[in-house]
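Trainee: return a 3D structure for these sequence lines:
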Amino acid sequence: MKMHEWEASFEAYTQRLMEEFQVPGAIIAVAKDGELTYEKAFGYRDREEQAPIDLDTVFGIGSITKSFTCLAIMQLQEEGKLSVHDPVVTYLPEFRTPDEAQTKSITIHHFMTHTLGFPPLPSLIPAMLPSLKADPTAEELLHHFEAHCKHPIDTFEDLMAYIEKLPFELLGPAGTEFSYSNEAFGLLGAIIERVSGKTYEAYVHEHILQPLGMERTVFHVEELVEQDNCTMLYTPRMNDGVREVVRAPGWWDSPSMRAAGFLKSSARDMLRYAEIYRTGGLSQGTQMLSRESVKQMTAPHAPIDLTRSYGYGLGVLPFSEDYTLITHTGGLKGMTAQMIIVPEAGVTGVLLTNMDDAPITNLTLGLLNSLFGRPLETQFATFNDFDVPLARLQQCPGTYQSGEGDTVKIGIDEANSQLVLALGSEEFSLRPVGEDTFLFTRHNADTLVRFVRNRDGEIKRLALGSRQLPKVI
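Mentor: All right, here's what the predicted structure looks like:
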């Protein structure tokens, strides 16, 4: 592979980020028109052993698994076994929400686009319970979710029974509100299972991984013929106010939510997979999906914020005037990952790290900016300032909390007519870019925040990242 002009500056930028965040290891790989044009490993797959990383090193990919799940659904639709517009209860008659009419109106499409109307729920922790109990680094997490961890959620049936008993308020009618839902994707696995007659894992293996020759992609590393080239897992934690990154062996798992985020893969395998979305369904000489189905998967079905939308298991956003970025991130203990596809430019790429909370947005921005000749820290989008009256700002302060354990506090600096967002011990000034939309910058990456009002104009929730957090105080 020939050297690109941007490589030296990009790699110095990446090295700085790796050191700042203490990321033990990463690999970044890019293909152009299906041919590998760039690969670079940083750090180690095992920091203590100083074991190297290569294209076949297996990392966790977390929620990038969601695109595999949607691909499986689209394959079943092409076979005439289901339609994405079928009601979920056609296949999961046990599925319940707090509103019976809404339950009947929720379709597979709503599951695939996170628009079923669910706020963030606490299901993932009890769904991972056995693996969390076996992990000393999960002690604090288990303590935080103690009330939800009386029983593990081991099966799809357990998951549906858990949701049915959970008291929560729906965000709105199906199709009207986007909020990321691991539960929806867990249950897409149940639909795939019931429609295909195979376990979700077996279906993905037979219909996606095998045809693409993705021999280093598995739900359990024990399935690999060669297990020695797998990453060790690392997690950051605070120790007397000092951030340290500790070795944290043991993959988290969830039988009822594997369809939401539990695949492991290598950079080489992920580039093969990403080809499907670059070419319109073709990879490794196999037509995995029709061009029309890929169009459906990559259409911006559900707006997330002013720039981002969600397709089927894939994020969609404009990247400059000429290009569209198809992408998904993944994060779980010991992993942060991102897949990128820019179809108009013939570009696919993957970034894999072996630590949770690695600066994946910055790494991805730096890579895309380098590939397209832009300054390294150029943001995905720029926004004009917006004038919001103080009286409207005064309606925003409060505490916003999600079932997944996230708490965000909004305060107001009235002297400067400015809202302040508190995340843990960090505080950020909010810059208005719309009537109810604000922006803050953390680690040189912009994040949008939107206050969600009811019909009477009262603020009910905060949309941050990909989740809507209900106002609790």
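Trainee: what are the buried residues along stretch 464-472?
Mentor: Neighbour counts over stretch 464-472 (16 or more other Cβ atoms under 10 Å) mark 464, 466-471 as buried. Every C-beta, even on glycine, is put in place using the N, C-alpha and C of the backbone.
Trainee: and the furthest pair within the residues you listed?
Mentor: Spanning the widest gap among those are S466 and K471, at 18.0 Å by Cβ to Cβ.
Trainee: where does pLDDT dip in the chain?
Mentor: Residues of the chain that meet the criterion pLDDT under 70 lie in 1-2.
Trainee: nearest residue to I473 other than its sequence neighbours?
Mentor: The shortest distance from I473 to any non-neighbouring residue, by Cβ to Cβ, 6 or more residues apart in numbering, is to T399 (4.1 Å).
Trainee: nearest to Q395, of the buried residues of stretch 464-472?
Mentor: Looking at these and their distance to Q395, the nearest is K471, at 10.6 Å (Cβ to Cβ).
Trainee: does that closest one touch T399 like I think?
Mentor: Yes - in this structure, K471 is within contact of T399 by Cβ atoms under 8 Å, at 7.2 Å.
Trainee: what residues go with each domain of this protein?
Mentor: Segmentation of the chain into domains, based on automatic domain parsing, reads 1-381, 390-470.
Trainee: which of those has the highest mean neighbour count?
Mentor: Using mean count of other Cβ atoms under 10 Å, the stretch among the domains of the chain with the greatest mean number of neighbours is domain 1-381 (a mean of 19).
Trainee: and that domain, how far out from the chain's middle?
Mentor: Taking the mean C-alpha point of domain 1-381 and that of its whole chain, the gap between them comes to 5 Å (Cα atoms, centre = their mean, to the nearest Å).
Trainee: if you count contacts, what does whatever helix or strand R272 lives in end up packed against?
Mentor: When elements are assigned from DSSP states H and E, R272 belongs to helix 267-279. When contacts are defined as 3 or more Cβ pairs under 8 Å, 6 or more residues apart in numbering; DSSP states H and E, helix 267-279 packs onto strand 25-32, helix 210-212, strand 282-283, helix 291-297, strand 335-342, strand 347-353.
Trainee: closest to A267 out of those?
Mentor: Ranking those by proximity to A267 (Cβ to Cβ) places strand 25-32 first, at 4.1 Å.
Trainee: tilt between that closest one and strand 335-342?
Mentor: 10 degrees (axes from the mean of the first three to the mean of the last three Cα atoms, to 10 degrees).
Trainee: tell me what the following helix or strand past strand 25-32 is packed against?
Mentor: Using DSSP H and E, the next helix or strand after strand 25-32 towards the C-terminus is strand 35-43. Secondary-structure packing of strand 35-43 (3+ Cβ pairs under 8 Å, 6+ apart): helix 7-21, strand 25-32.
Trainee: follow-up on the earlier one: Throw the buried residues of stretch 464-472 into JSON lines and include distance to G175 and secondary structure, thanks.
Mentor: As requested, these are exported to JSON lines (distance: Cβ to Cβ, whole Å; DSSP: H, G, I helix; E, B strand; the rest coil):
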{"residue": "L464", "distance to G175": "21", "secondary structure": "strand"}
{"residue": "S466", "distance to G175": "17", "secondary structure": "coil"}
{"residue": "R467", "distance to G175": "18", "secondary structure": "strand"}
{"residue": "Q468", "distance to G175": "15", "secondary structure": "strand"}
{"residue": "L469", "distance to G175": "21", "secondary structure": "strand"}
{"residue": "P470", "distance to G175": "19", "secondary structure": "strand"}
{"residue": "K471", "distance to G175": "23", "secondary structure": "strand"}
